[in-house]
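> With the sequence up front, the predicted model follows.
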Amino acid sequence: MTHILHRQIDHRYPIAASGQGAVIRDAAGREYIDASGGAAVSCLGHSHPDVLAAMRAQLDTLAYAHTSFFTTQVAEELADDLVAHAPAGIGHVFFVSGGSEAVEAALKLARQYFVERGEPQRRYVIARRQSYHGITLGALAVGGREWQRQKFAPLLIETHHVSPVYEYRDRGVTETPQAYGERLADELEAKIDELGGDNVIAFVAETVVGATLGAVPAVPGYFKRVREICDRHGVLLILDEVMCGMGRTGTLHACEQDGISPDLMAIAKGLGGGYAPIGALLMQDSVFDTIADGSGAFQHSHTFMGHPLACAAALAVQRVMRRDDLLANVKAQGAYLARRLKERLGNHPFVGDVRGRGLFQGIELVADRGSKEPFDPKLKLNARLKHEAMARGLMVYPMGGTVDGVRGDHVLLAPPFIVDAALVDTIVERLGEAIDAVTARPG
Ligand SMILES: Cc1ncc(COP(=O)(O)O)c(C=O)c1O
């Protein structure tokens, strides 16, 4: 008997009792390799001594001070740290407690920016289908997972969706990746024109699509064209790097690999590595200056923003990542993971695609490799895969609806940045066995 409204009410969840490095142990003593970092959160693994020490030290001095009365040294240091390593032009940070809050803040800051610039008619947000930006009403409205939006549709703000970059399924056989990217960017520009260029607030996109498509990066040149189009129409580019950011793809920010800088960027998950709930909105000086020279206040706040304990955790995570050169490990082990996955699953009769960047890899399952026909959603293959993996002591992040929100199955891997080759081998071996088990008896 539980008094918690769990995610699945009729599911019995094991009790997570302790964690160490890449492993979580349950109350019955079973061990699970955390190959998904929960949901791409636990970038340093569990119980990292330096993060725990920094948090204890913060608790010994100050646990909480409301941001309408005080700032704190630790929040200031974290903001300095994030700005020092941010994409070009980003000079300020707004702290929140998670990814959805970061996206909400981005939407509201973007709107307030235009109001203060004397462009109050700008009201439309454009995003992409098959994306996830969070679960609160604004973030849900922007997201492109139809099944999740449907029940709440009457409560959602008007948003417009264009095609995602989904090369495996949508790039034409004779089309080059560049031409495909240009076609998609043209679609965005056509949507902006349709709505009226000076009516659009922002275009929102995950730099590498996470849970909805399964680690799908953009094709080369796509984001450069998107950046140009946004600039031409005065539309803000909001990148959601809640899942793919903070080192997960091998660079601190995923957009570094696309050669662009956004106007606003949402980060969370790996920022605090799961040691405390924290997210942040990073902003260009031009956005900050407009508000600073205008009303002087962003009309948005939360009680727990800039929480000192969460900031201490996030600052320690950033420092450990740099001290231990973990981005180099993400690149090296990410390349090794991709290679091992392709060796084990690349010719698997029910694996259509292996893709990703760094320690952010996705595997798409198909009933037929030739036609790319997905499995019947009634088979709930992704749910069964999660179960099979857990039974083998492996945490992975499978999801359904990959193709169109209903059909399709993929599994996402996001292991901690501390993995070594031996652990990668074990992850691939157990995942391979779990995929063999569910596809051997798909019905
Ligand atoms: C890309 C992206 N944006 C936003 C969110 C929402 O973050 P949170 O669950 O912390 O509110 C998520 C969560 O998975 C995400 O993957």
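Thanks, I have it. Numbers count the residues shown, from 1 in each chain.

> And for the strand or helix carrying residue 77, what's in contact with it?
Residue 77 is located in helix 73-84, with elements delineated by DSSP states H and E. Here helix 73-84 makes contact (C-beta atoms under 8 Å, 6 or more residues apart in numbering) with 58, 90-93, 95, 280, 282, 306, 308, 311-312, 314-315, 318-319. The way it works is simple: take the backbone N, C-alpha and C, and place the C-beta from them, glycine included.

> Among these, which are located in strands?
Mapping these onto strands (DSSP state E) picks out 90-93, 95, 280, 282.

> Pull out the buried members of the residues you listed.
Neighbour-count burial (16 or more other C-beta atoms under 10 Å) applied to those gives 90, 92-93, 95, 280, 282.

> hang on, isn't residue 137 packed against residue 153?
No: Residue 137 lies out of contact with residue 153 (C-beta atoms under 8 Å); the separation is 10.9 Å.

> neighbour-wise, which of these two wins?
Set residue 137 next to residue 153 and count neighbours by other C-beta atoms under 10 Å: residue 137 wins out with 14 against 10.

> got the contact list for that one?
For residue 137, the contacting residues are 152, 155-157, by C-beta under 8 Å, 6+ apart.

> Quick one, grab the pLDDT at residue 331.
At residue 331, the model reports a pLDDT of 98.

> Could you do residue 270 as well?
The model's pLDDT for residue 270 equals 98.

> Give me the next element, helix or strand, following the helix or strand bottoming out on mean pLDDT in the chain.
In the chain, no helix or strand scores lower on mean pLDDT, DSSP states H and E than helix 146-149, which sits at a mean of 90. Following helix 146-149 in sequence order, the next helix or strand is strand 159-162 (DSSP H and E).

> how close does the residue of the chain found nearest the ligand sit to residue 11?
Evaluated by C-beta to the nearest ligand atom, the chain has residue 99 as its residue closest to the ligand, separated by 2.1 Å. Computed as C-beta to C-beta, to the nearest Å, the residue 99 to residue 11 distance reads 23 Å.

> And for residue 203?
From residue 203 over to residue 11 (counting by C-beta to C-beta), the distance is 37 Å.

> again, but for residue 207
From residue 207 over to residue 11 (counting by C-beta to C-beta), the distance is 32 Å.

> Give me the more crowded residue out of the two.
Legend: neighbour count by other C-beta under 10 Å for residue 207 and residue 11, higher for residue 207 (25 against 9).

> Neighbours of the residue lying closest to that one once chain neighbours are set aside, how many?
Closest residue in space to residue 207, ignoring its immediate chain neighbours: residue 254 at 4.0 Å, by C-beta to C-beta, 6 or more residues apart in numbering. Neighbours of residue 254 under the rule other C-beta under 10 Å: 27.

> doesn't residue 320 make contact with residue 275?
No: if you go by C-beta under 8 Å, residue 275 and residue 320 don't touch, sitting 10.7 Å apart.

> Show me whatever sits in contact with both of those two.
In contact with both residue 275 and residue 320: 48, 51, using C-beta under 8 Å, 6+ apart.

> May I have the phi/psi pair for the residue sitting nearest the centre point of the chain?
Centroid-nearest residue in the chain: residue 243, 1.8 Å away (criterion: C-alpha atoms, centre = their mean). Backbone torsions of residue 243, given as degrees, to the nearest 10, read phi -100, psi -40.

> Could you tell me the model confidence score at the nearest residue to it once chain neighbours are set aside?
Of all residues not flanking residue 243 in the chain, residue 210 sits nearest, at 3.5 Å (C-beta to C-beta, 6+ apart). With respect to pLDDT, residue 210 has a value of 98.

> quick one: contacts for residue 210?
40, 132, 242-244, 360, 412.

> Keep only those of those residues that are in helices.
residue 40 (DSSP state H).

> Return the member of the contacts of residue 210 nearest to residue 351.
Nearest to residue 351, judged by C-beta to C-beta, of the contacts of residue 210 is residue 412 at 14.0 Å.
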